[in-house]
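**Q** What follows is a predicted structure for the sequence shown.
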Amino acid sequence: MLNKFKVSLVTLTVLFSVSAWADFPQGYPADYQKTVDGAKKEGKVVIYSTTDTKAAGPLIQGFEATYPGVKVEYNDMNSTELYNRYISEQAAGGTSGDVVWSSSMDTALKLATDYAEEYASPEQKQLPKWAVWKNKAYGTTYEPVVFIYNKRLIPAGDVPDSHVALAKLIASQTDKFKRKVTTYDIEKSGLGFMLSVQDFKADPDYFKKLADIAKGGLTVQSSTGTMMERVSSGENLIGFNILGSYAEARAKTDPTLGISYPKDYTLVLSRVSFISKETANSNAAKLWLDYVLSEKGQSILANQADIPSIRNDIEGKNDIDGMTKMLGNALKPIPVDETLLEYLQQKKRLDYIKQWREASAK
């Protein structure tokens, strides 16, 4: 009888192990359960993010359902606030975010160079090579940058489908567009600065076009939400360098908001994430990063949060394959690499802002 009990106990142990592994995607390391167990002991993961809490909500719910007992403390900030807060906390040696997740790719990579823990996510084989930097910083999304416009006030025939068309439209109707064009304030928004620099790198005539776009005067903002609200209300007529993911989500319930994908080139942003070296919740941070990059997490982003997936195996059209079918060679993904850091050098940054201000004031 005792032997039968021992056999049954062994059988149950094996069954439990199989069941515990059943939720892990193929290719995960053999000891990944230790990471899960460690995360449950930690009990939480602290996220510093620029992704709206509302957009991140389905992802947070999915993570907490997958890993009961590991709570997500989610801190939603704009890119400049996130950078300054994280730097200050690291310098003070106090508690800070376990994971950074930022749309401002350049400042996120700058933080990663000094503060990221090296971690080879088992999901990285599903990502484009340009989206992984030294097993420290990971691109997590694939988001085209778009124009938005007020459908009631901009005739369909006037909707610009390229940066050239945008500049010509505004320069030819300066009275109509006087103080009616909006974009990021590149001094207050890290994301806005980064996108402007990427425009400059993609287009040798960028500052000339910017001067034409600004002929009626620009209205600059520090958040995408504010720009969409102003365009939808008619306070502004058109906006450029807008995150397409947020615009598409809003357009589903706002019939006034129109979206145009530029055909000359469409920048593609990928929100950069990394795990902090100095963290009390290292295991939970790894779980979160892997979950965000996993097929399950990416499916939630693509199909529930309207944020395009950086993978190409997600059901539906909201992933790399879907975007490629729609925009083809116009897509210009911004790589997660050292080229992002060039214009963060103080003198170069200040010189660039000065040049931008001069062009946008014309």
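**A** Cool, got the structure.

**Q** so how far is Val197 from the closest residue to Asp106 other than its chain neighbours?
**A** Setting aside the residues directly before and after it, Asp106 is nearest to Leu340 in space (CB to CB, 6 or more residues apart in numbering), at 4.1 Å. To be clear about C-beta, it is placed using only N, CA and C from the backbone, and glycine gets the same treatment. From Leu340 across to Val197, the span is 9 Å (CB to CB, to the nearest Å).

**Q** What's the biggest strand in the protein, counting residues?
**A** For the chain, the strand with the greatest residue count under DSSP state E is strand 143-150.

**Q** quick one: strands adjacent to it?
**A** When pairs are called by DSSP bridges, strand 143-150 turns out to pair with strand 238-243 (antiparallel), strand 257-260 (antiparallel), strand 266-269 (antiparallel).

**Q** Contacts made by the helix or strand following the longest one with the rest, please.
**A** Which is strand 238-243. Next in sequence after strand 238-243, counting helices and strands by DSSP states H and E, comes helix 244-251. Under the contact criterion CB atoms under 8 Å, 6 or more residues apart in numbering, helix 244-251 has outside partners 52, 55, 141, 143-146, 148, 224-225, 228, 232, 257-259, 261, 305-308.

**Q** Would you map the helices across the stretch 151-300 of the chain?
**A** Ranges of helices in the stretch 151-300 of the chain, per DSSP state H, counting those that start in this stretch, are 163-172, 190-202, 206-213, 224-233, 244-251, 282-293, 295-303.

**Q** Need the contact partners of the longest one.
**A** What that stands for is helix 190-202. Around helix 190-202, the neighbours that count as contacts under CB under 8 Å, 6+ apart are 50, 78-80, 83, 102-107, 145, 163, 183-187, 206-207, 220, 222, 241, 243, 265, 267, 269, 332, 334, 340, 343, 349, 352-353, 356.

**Q** What mean pLDDT does it get?
**A** For helix 190-202, mean pLDDT rounds to 95.

**Q** Buried residues in that helix, which are they?
**A** Of the residues in helix 190-202, Gly190, Leu191, Gly192, Phe193, Met194, Leu195, Ser196, Val197, Gln198, Asp199, Phe200 count as buried by neighbour count, 16 or more other CB atoms under 10 Å.

**Q** same deal with the fourth one?
**A** Applying a neighbour-count criterion of 16+ other CB under 10 Å, one finds Thr224, Met227, Met228, Glu229, Arg230, Val231, Ser232 buried in helix 224-233.
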